[in-house]
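In: this one's sequence-less:
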């Protein structure tokens, strides 16, 4: 097994229980975006894949006119993110009440 490398320094990670993994990941992500000249271009493939997923969801057979498919895909995308926001709010309330897992 390879020794994990600390984000941005190239030094081996000395944290045997990996408790700082999230912070190291955030550092790496921020360093990646700090050096990206065109953030929009860097994420265009991911956006296209997400759009295709929602279009396939609302028109699996590809029979709708392009404009109608786009309108429905946008509604499906909004519903998806609203569903995620609802679940997040519910989880925060549960944690606030002391019911969340540690």
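Out: Arrived safely. This one's a predicted model, so the numbers in the text were calculated from it and none came from an experiment. Numbers count the residues shown, from 1 in each chain.

In: The helix or strand hosting residue 88: how far from the chain's middle?
Out: Counting by DSSP states H and E, the element that carries residue 88 is helix 66-96. How far helix 66-96 lies from its chain's middle: 13 Å, per CA atoms, centre = their mean, to the nearest Å.

In: Tell me which other helices or strands it touches.
Out: Applying 3 or more CB pairs under 8 Å, 6 or more residues apart in numbering; DSSP states H and E, we find helix 66-96 packed against helix 44-58. Backbone N, C-alpha and C define where each C-beta goes, glycine included.

In: the inter-axis angle of the helix it packs on versus helix 66-96?
Out: 100 degrees (axes from the mean of the first three to the mean of the last three CA atoms, to 10 degrees).

In: in the helix holding residue 88, what's buried?
Out: Under the neighbour-count criterion of 16 or more other CB atoms under 10 Å, helix 66-96 has 69, 70, 72, 73, 76, 77 buried.

In: How many neighbouring residues does residue 43 have?
Out: Applying other CB atoms under 10 Å, we find 13 residues neighbouring residue 43.

In: what's the average pLDDT for the helix holding residue 88?
Out: Per-region confidence: helix 66-96 scores 96 on mean pLDDT.

In: i'd like the first residue to be 118 from this point on
Out: OK, 118 is where the count begins now, so the last one is helix 183-213.

In: Please report the distance of residue 169 from residue 199.
Out: 20 Å (CB to CB, to the nearest Å).

In: now residue 167
Out: 15 Å.

In: Equivalent analysis for residue 165, please.
Out: 22 Å.

In: got the phi/psi numbers for residue 152?
Out: phi -100, psi 10 (degrees, to the nearest 10).
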